[in-house]
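Undergrad: fold the following.
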Amino acid sequence: EVQLVESGGGLVQAGGSLRLSCAASGFTFDDHDIGWFRQAPGKEREGVASINRSDGFIYYADSVEGRFTISSDNAKNTVYLQMNSLGPEDTAIYYCAADPLGWGLTPMYDYWGQGTQVTVSS
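TA: As a prediction, the model looks like this:
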């Protein structure tokens, strides 16, 4: 059974940092692209960052470039999202997703976690 379990969300003040984790199981981790997405109330789900396994390329949304960093620990089957300089506009539910194809920041991934809430207070 494929499982993606996010953790690390919470409440943080503006300017603060959080590190999200996505623990994966039930599929070949190295063969799947991993993406982080977020969805704020009343808004569409948007891609934040992703790792493309075939070429190792990393994609970031313009809104998080320079503040967020995605990384992967293949030994632990875990992907991280380090988020710095957080602002209220980053408040959302954050999801990780996996897919054998290269969807980048497009939310067409096959497998999704349940999400973790990130709330940034001003």
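Undergrad: which residue is nearest the middle of this structure?
TA: In the chain, the centroid-proximal residue (CA atoms, centre = their mean) is residue 36; its distance is 2.2 Å.
Undergrad: work out the gap between the helix or strand hosting it and the centre of the chain.
TA: Element membership for residue 36 (DSSP states H and E) is strand 33-39. Remark: strand 33-39 is offset 4 Å from the chain centroid, using CA atoms, centre = their mean, to the nearest Å.
Undergrad: what of stretch 20-31?
TA: On CA atoms, centre = their mean, the centre of stretch 20-31 falls 12 Å from that of its chain.
Undergrad: where does the chain have low pLDDT?
TA: Within the chain, no range satisfies pLDDT under 70.
Undergrad: give the contact list for the residue nearest to the centre of the chain.
TA: Applying CB atoms under 8 Å, 6 or more residues apart in numbering, one finds that residue 36 lies in contact with 20, 22, 47-50, 68, 70, 79, 81, 94-97. From N, CA and C alone the C-beta is placed, and that goes for glycine too.
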